[in-house]
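Novice: okay, predicted coordinates and the sequence, questions at the end:
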Amino acid sequence: MYRIHRYLFRECAFTSLIALLVLSFMAMLPQFLRLVDLWVNRDMPVSVLGTMISLSMPKILLTTIPMALLVGILLTLGRLAQESELVVLKACGISPLQILQPVALLALLYTMLALALSTLWLPRAYHHFASLKQALLSSTTLALKPQAFSHNIPGLTLYIEEQDPQTQLLYGLLIHDRRKAETPITLTARRGEIRSLPSGETILYLQEGTRHQSLPEQHYRALRFATYQMDLGIALGSKSKASQKQLDELSQEELSQIMREASPKESYAAWMEWHRRFSFPTATLILGLFAVPLGLQQSPRSGRSYALVVAVLTLIIHFALLSVGETLARKQIITPILGFWMPNLLMASLTLYVITITHQCRPFLWANWLGNSLANLPQRLLAAPQDK
């Protein structure tokens, strides 16, 4: 029995790991292409790109782990059904509950990984990503290229003739500020520099220049200045205080402190975030257990498409329920406990029911209908032209 359990665990673990790698790569690909665009067009260092990719991985893994676990278990059990290994196991007296044991251990391991991602790694990744974003904003603002137009700040176009590498002074500046579309401003200056105020705000200190502004009703204003301070509209200060963090950046201890000491509105939002971090990993365990009886219900004729279709449908239904519950809890129509845990309770009840009828060798009509439909689909597609 131990060898059979080890065999089932190894097969399901290998297939789910391959599915996790493939799904994570597919989820990461659009963001990776955007980062490559930053590397090519904005000269972003490769080390920064690697850091941003690593900080994005916890969120991607948390999203793809349930799907990978479902697909891995269903594909493995589908292969065993096609090769009649499940028939042999049942003929040897091995019950569905005994097949469930090693797969349940694998689902528990994936759940622990998802729980660590949700409560430990993901808040740190969010916080480090926010800090990195501030640092990147600072570096892209200060690293202006001479004789090139810069659009790093939205609504602002900057051009410099040259820059002193030692003093960082800018010479020959041309600036077009269209952040207020009705009154755009164009400035020229002989010299300037970027300064950071103690509050974290950043200004552009200009010397010996002109300021041109278009006003409503076709009016125009021009002036010459000896010195001029232009607010760049960005703050480059670090977010070191917990009060400056977003809820998804807070640790569990900080969330608990907000729930105890903050205002009712902030406490309620922190309470929702606390339940969300535990409800989604719990869904991984429930979905992993739900995949076993569904996999045992499929026939040898179902094919591998059965695993993908069942996994997608199950995930859509479950996470749609979680999203609806979160929305209702956010609007305070129901409590966060009901909003986040009622979908898991419903899916757990369905899982227990499917496990029971599978152990009693009774058919699960929905799974059988879907398996037969997928098995007969190629014949129907091939026969359709002949009927016409």
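Specialist: Thanks, I have the structure now.

Novice: can you tell me which residue is spatially central in the protein?
Specialist: residue 59 (4.1 Å; Cα atoms, centre = their mean).

Novice: so that one touches residue 123, yeah?
Specialist: No: no contact is recorded between residue 59 and residue 123 when judged using Cβ atoms under 8 Å, the distance being 10.8 Å. For the C-beta atoms, the positions are set from N, CA and C on the backbone; glycine is no exception.

Novice: mind checking pLDDT for the nearest residue to residue 105 once chain neighbours are set aside?
Specialist: Excluding its sequence neighbours, the residue lying closest to residue 105 (Cβ to Cβ, 6 or more residues apart in numbering) is residue 9, at 6.4 Å. pLDDT, residue 9: 94.

Novice: how about the strands in the chain?
Specialist: Counting by DSSP state E, the chain has strands at residues 149-150, 156-163, 170-177, 185-196, 201-215, 219-235.

Novice: how many residues are close by the closest residue to residue 70 other than its chain neighbours?
Specialist: Using Cβ to Cβ, 6+ apart and skipping the chain neighbours, the partner closest in space to residue 70 is residue 311 (4.0 Å). A count of neighbours around residue 311, defined by other Cβ atoms under 10 Å, yields 24.

Novice: next one: residue 81
Specialist: Residue 81 - counted by other Cβ under 10 Å - has 21 other residues nearby.

Novice: please report how far it lies from residue 68.
Specialist: 20 Å (Cβ to Cβ, to the nearest Å).

Novice: residue 33 now?
Specialist: 22 Å.

Novice: with residue 288 instead?
Specialist: Taken as Cβ to Cβ, the span from residue 288 to residue 68 is 10 Å.

Novice: now do residue 187
Specialist: For residue 187 relative to residue 68 (Cβ to Cβ), the value is 54 Å.

Novice: ok so, going back, for the residue nearest to the centre of the chain, what are its contacts?
Specialist: 122, 125 (Cβ atoms under 8 Å, 6 or more residues apart in numbering).

Novice: can you rerun that using 7 Å?
Specialist: residue 122 (Cβ atoms under 7 Å, 6 or more residues apart in numbering).

Novice: let's see the pLDDT reported for it.
Specialist: 90.

Novice: show me where the stretch 251-388 of the chain has its helices.
Specialist: 252-261, 264-297, 305-330, 336-359, 365-387 (DSSP state H, counting those that start in this stretch).

Novice: what's the local residue count around the residue nearest to residue 105?
Specialist: 17.

Novice: and residue 214, by the same measure?
Specialist: Neighbours of residue 214 (other Cβ under 10 Å): 13.

Novice: please report how far it lies from residue 278.
Specialist: 55 Å.

Novice: likewise for residue 230?
Specialist: According to Cβ to Cβ, residue 230 and residue 278 sit 48 Å apart.

Novice: and these two? Which one has more around it.
Specialist: residue 230 (20 against 16).

Novice: the residue lying closest to that one once chain neighbours are set aside: neighbouring residues, count only.
Specialist: Leaving aside its chain neighbours, residue 230 sits nearest to residue 204 (4.3 Å; criterion: Cβ to Cβ, 6+ apart). Applying other Cβ under 10 Å, we find 22 residues neighbouring residue 204.

Novice: which pLDDT value belongs to residue 204?
Specialist: So, for residue 204, pLDDT stands at 85.

Novice: before we move on, what about the one 4 residues further on?
Specialist: The predicted local distance difference test score for residue 208 is 92.

Novice: again, but for residue 322
Specialist: 88.

Novice: when residue 33 and residue 68 are compared, which one has more neighbours?
Specialist: residue 68 (24 against 9).

Novice: and the more buried one, how far is that from residue 290?
Specialist: Counting by Cβ to Cβ, the gap from residue 68 to residue 290 is 15 Å.

Novice: just put the helices of the stretch 251-388 of the chain in a markdown table and tack on distance to residue 50.
Specialist: Formatted as a markdown table, those follow (distance: least, Cβ to Cβ, whole Å):
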| stretch | distance to residue 50 |
| --- | --- |
| helix 252-261 | 28 |
| helix 264-297 | 27 |
| helix 305-330 | 30 |
| helix 336-359 | 34 |
| helix 365-387 | 41 |
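
Novice: closest to residue 86 out of those helices?
Specialist: With Cβ to Cβ as the measure, helix 264-297 is the member of the helices of the stretch 251-388 of the chain nearest residue 86 (6.8 Å).

Novice: quick one: that closest one to chain centroid distance?
Specialist: Centre-to-centre, helix 264-297 and its host chain are 16 Å apart (Cα atoms, centre = their mean, to the nearest Å).

Novice: angle of that helix against helix 336-359?
Specialist: Helix 264-297 runs at 10 degrees relative to helix 336-359, counting by axes from the mean of the first three to the mean of the last three Cα atoms, to 10 degrees.

Novice: what helices or strands is helix 264-297 leaning on?
Specialist: When contacts are defined as 3 or more Cβ pairs under 7 Å, 6 or more residues apart in numbering; DSSP states H and E, helix 264-297 sits against helix 46-82, helix 96-116, helix 252-261, helix 305-330, helix 336-359, helix 365-387.

Novice: can you mark which positions in that helix are buried?
Specialist: Using 16 or more other Cβ atoms under 10 Å as the test for burial, helix 264-297 gives 268-297.

Novice: ok so, going back, report the contact partners of the residue nearest to residue 70.
Specialist: So, once contact is read as Cβ under 7 Å, 6+ apart, residue 311 ends up touching 67, 70-71, 74.

Novice: okay, and the helix or strand of the protein with the least pLDDT?
Specialist: Taking mean pLDDT, DSSP states H and E as the measure, helix 365-387 is the helix or strand of the chain with the lowest mean score, a mean of 58.

Novice: most distant residue from the centre of this protein?
Specialist: Quick read of the chain (Cα atoms, centre = their mean): farthest out is residue 224, 49.9 Å.

Novice: pairing partners for the closest residue to that one other than its chain neighbours in the sheet, please.
Specialist: Spatially, and ignoring its direct neighbours in sequence, residue 224 is nearest to residue 210 (5.3 Å; Cβ to Cβ, 6+ apart). Note on residue 210: beta-bridge partners by DSSP bridges are residue 188, residue 224.
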